[in-house]
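>>> Here's a sequence, model it:
(2 chains)
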Amino acid sequence: MTDAPLLQVRDLSIDFGTPRGRLHALRGINVDVPKGRIMGLVGESGCGKSTLAYALSGLLAGNGQVTGGAILMDGQDVTKMSDRQLRDMRGQRVSMIFQDPMTALNPVITIGRQMLDIQYRDPGTSAEKRARAAAMLDRVGIPDAAAQLGSYPHQFSGGMRQRVCIAMALLTKPDLLIADEPTTALDATLEVQIIELLRELQQEIGCAIVFVSHHLGTVAELCDDVTVMYAGEVVEQGDVRSVFHAPAHPYTQALLECDPARIKEATRHLPTIAGTLPDLVNVPEGCIFAPRCAHAWDRCRAEHPAARRASAHHTAACHLLDTEART
Amino acid sequence: MAIYALQRVFLSALIIAVAVTLLNVMLHLVPGDPAVMVLGPRATPELIERTREAMGLDRPFAIQMMTFFGNLLRGDMGTDVFTGRSVTTIVMEALPYTLSLISVSILWAAAIGIPLGAYSSIRRNTWIDRVTGVLSVGTISIPSFVMALYGVLIFAVWLGWLPAIGAGEGLGDQIIHLILPAFAVGVSWVGYIARIVRASMLEVMGESHVRMARAFGLTERRITRAYVLRIAVLPAVTLIGAGVAHLFSAAVFVEVIFARPGIGALIVAAVNERNYPIVLGAVLITTAIIVLATLISDLVIAWLDPRQREGL
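Alright, predicted model coming up:
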């Protein structure tokens, strides 16, 4: 396919107004998600991955503000859309799954009513819409789906609620599904089932997915591409296999070393990355990871690294890759 | 559900019994012999003794209470000391006036307070929200009898638009006579309800299911009305249910000020005359209504919020 990617994030910067001053939560983010691909968004807490996910559907918190760049959905800039245009996009072309299924559904409205409400723009009678909702619930593995339309969210377990959320998100067959840590609040067995379900449905519907997670194993299993974020910047991105097998950025390397699944020897101490996240109100010059990086040298503290090709299928923003300058 | 209902009925009966017993104890501690009050200062000691016997006041307190509850089960709340009329009849005559005053007051207060609170939460930090806030706190802090007095002064005495006293004859006239008292009783509730609805609207607006509804492109209007308000009115319903007791005490003042018949006016008069059977009967019915109001508000909450139904 020669089409432009479904989603193009171009040089996106987002600030949050805080009592301490402007917090530069995202700086110069570039991400492409082609049609039908699954993009993993990984990084530690506070790296801006959820902020980016919410920005994609124009759902930033009230104090958040896009200060530069663009988010192009099918060539249309989400950051410049009117409320009306955003509403038309949400739930039709772009839908979301949230982190905590326990609070994501309205507690006083039946599942059926909620699933009917989100189809308000679709043609068809409400009987048809109910049938569509029941079929989707059945598809995500809710037993006795038609009868469950009359149930309330609290009558379901966490895993079942997340299945309901997935059913709602995919009911309108969106082009892009944004999943914000959909398995973080679930236990491990459920996580596997939910990931399996997402993969099956993605293949059926053919939508692209932006999958936010801090669980590297899940990302490796589910995603085609991955974007590694650190402190509001993209540090490495590309094909999942290339990034995870040959990480080029010291942060990605450290992150992979810290993944408990990779530890082979028995230990009482889980590995960590020394140091803490930098202050994003007064962003330091140079590479954002330099203060915590074992390989940092003078240039890293003075000059911000641009994204460079690290392999045939991925890029990383690190001066170590500038082989010409080093030789 | 059946077990829950039985528990509630039993608990309600217990609350009423305890309230009436306590009231009886308090009445007996108040100086002044009812028999002396009935007969006047020139009664002979023999006559007083005979009257005390007739009223059952010579028997031990416990026996008096047993007799009272025994009669109560037959629907008999005793007889008025002065007129000899049935207390049940007297209380039931007064009750509709108070009930109409209380229900009209709370209904108009809720009908204005809930939309006002919801609107100011949507328009928070605008001038409309601030004005509502100041007015709400202002009306909450003014007691209903002060409202009643100024209401009479302005609308009845100065402007002459509305009647100052009485309950009126016929439906239309009764409604006109209800305007000022219902305003006086309800106005501070507008403030209460608006504040509580605003606060809980803001809380619910921040919950993640609202963000999810937005993520599915539902309109703000639909989200506010169907998804948020239904949860946000729950505290207001509890407040109103528990507030019926306050409404009764507000009605006592307002009925006296507007010279309206009603339970409040009845209790005040009966206490002044040491007319025990009436006081007991009126308080018994009031307590029963308050208990019933709490039950109704619990049922309304269960109707609005399916999570509350689980315990039923």
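>>> And for residue 235, the neighbour number?
Picking chain A for this. 27 (other C-beta atoms under 10 Å in any protein chain shown). Quick note: C-beta positions are derived from backbone N, CA and C, even for glycine.
>>> wrong one, I was asking about chain B
Neighbours of residue B:235 using other C-beta under 10 Å come to 16.
>>> What's the mean pLDDT across the helix or strand containing residue B:285?
Here residue B:285, judged by DSSP states H and E, is contained in helix B:276-304. The pLDDT scores in helix B:276-304 average 87.
>>> Just confirm yes or no for that helix near chain A.
Yes: using C-beta under 8 Å from any C-beta of the partner chain, helix B:276-304 reaches chain A at residue B:304.
>>> Which strands and helices lie in contact with whichever helix or strand comes after that helix?
Tracing the chain C-terminally past helix B:276-304 and defining elements by DSSP H and E, one meets helix B:306-309 next. If contacts are counted by 3 or more C-beta pairs under 8 Å, 6 or more residues apart in numbering or on different chains; DSSP states H and E, helix B:306-309 sits against helix B:276-304.
>>> follow-up on the earlier one: buried ones in the helix holding residue B:285?
Within helix B:276-304, the residues that qualify as buried are B:276-291, B:293-295, B:297-302, B:304, counting by 16 or more other C-beta atoms under 10 Å in any protein chain shown.
>>> what's the neighbour count on residue B:29?
Neighbourhood size, residue B:29 [other C-beta under 10 Å]: 7.
>>> re earlier: and the helix holding residue B:285, how far out from the chain middle?
Chain-centre distance of helix B:276-304: 8 Å, with C-alpha atoms, centre = their mean, to the nearest Å.
>>> again with stretch B:170-178
Centre-to-centre, stretch B:170-178 and its host chain are 20 Å apart (C-alpha atoms, centre = their mean).
>>> What lies in contact with it?
By C-beta atoms under 8 Å, 6 or more residues apart in numbering or on different chains, the residues outside stretch B:170-178 that reach it are B:100-101, B:104, B:162-163, B:166-168, B:258, B:260.
>>> could you measure residue A:145 against residue A:64, distance?
Residue A:145 sits 37 Å away from residue A:64, going by C-beta to C-beta, to the nearest Å.
>>> Give the full set of residues in contact with residue B:157.
The contact partners of residue B:157, taken as C-beta under 8 Å, 6+ apart, are residue B:164.
>>> Distance-wise, check it relative to chain A.
To chain A, residue B:157 is 48 Å away according to C-beta to the nearest C-beta, to the nearest Å.
>>> low pLDDT regions in the stretch 201-312 of chain B?
B:310-312 (pLDDT under 70).
>>> who in it is up against chain A?
For the stretch 201-312 of chain B, the contact set with chain A under C-beta under 8 Å from any C-beta comprises B:207-209, B:211-219, B:222, B:226-227, B:230-231, B:304-307, B:310.
>>> In helices, which of those residues fall?
Under the assignment DSSP state H, those contribute B:208-209, B:211-215, B:222, B:230-231, B:304, B:306-307 to helices.
>>> If any of the residues you listed are buried, give me the ChimeraX selection for them.
Entered in ChimeraX, the line below selects the buried ones among these, by 16+ other C-beta under 10 Å:
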select /B:208,209,211,212,213,214,215,230,231,304,306
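>>> nearest to residue A:57, of the ones in helices among the residues of the stretch 201-312 of chain B next to chain A?
Using C-beta to C-beta, residue B:215 comes nearest to residue A:57 of these, at 6.0 Å.
>>> would you say residue A:287 is within a strand?
No: Residue A:287: not assigned to a strand; according to DSSP: H, G, I helix; E, B strand; the rest coil it is coil.
>>> what does the model give it for pLDDT?
Confidence at residue A:287, expressed as pLDDT, is 92.
>>> With residue B:49 instead?
pLDDT, read off for residue B:49, is 83.
>>> Neighbours of it, how many?
Per other C-beta under 10 Å, the neighbour tally for residue B:49 reads 14.
>>> Check residue B:227 too.
Neighbours around residue B:227, by other C-beta under 10 Å: 25.
>>> Pretty sure residue A:310 sits against residue A:250.
No: here residue A:310 does not reach residue A:250: they are 12.0 Å apart, not a contact under C-beta atoms under 8 Å.
>>> Which positions in the stretch 101-250 of chain A make contact with chain B?
Within reach of chain B by C-beta under 8 Å from any C-beta, the stretch 101-250 of chain A has these residues: A:103-109, A:117-118, A:120-121, A:152, A:154, A:165, A:168.
>>> can you name the two of the residues you listed that are farthest apart?
Top of the distance list for those (C-beta to C-beta): A:121 and A:154, 28.2 Å.
>>> and the two? which has more neighbours close in?
Set residue A:121 next to residue A:154 and count neighbours by other C-beta under 10 Å: residue A:154 wins out with 15 against 11.
>>> Throw the ones in helices among the residues of the stretch 201-312 of chain B next to chain A into JSON lines and include distance to residue B:179, thanks.
Shown next, in JSON lines, are these (distance: C-beta to C-beta, whole Å):
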{"residue": "B:208", "distance to residue B:179": "45"}
{"residue": "B:209", "distance to residue B:179": "42"}
{"residue": "B:211", "distance to residue B:179": "44"}
{"residue": "B:212", "distance to residue B:179": "45"}
{"residue": "B:213", "distance to residue B:179": "41"}
{"residue": "B:214", "distance to residue B:179": "43"}
{"residue": "B:215", "distance to residue B:179": "47"}
{"residue": "B:222", "distance to residue B:179": "36"}
{"residue": "B:230", "distance to residue B:179": "31"}
{"residue": "B:231", "distance to residue B:179": "33"}
{"residue": "B:304", "distance to residue B:179": "30"}
{"residue": "B:306", "distance to residue B:179": "39"}
{"residue": "B:307", "distance to residue B:179": "40"}
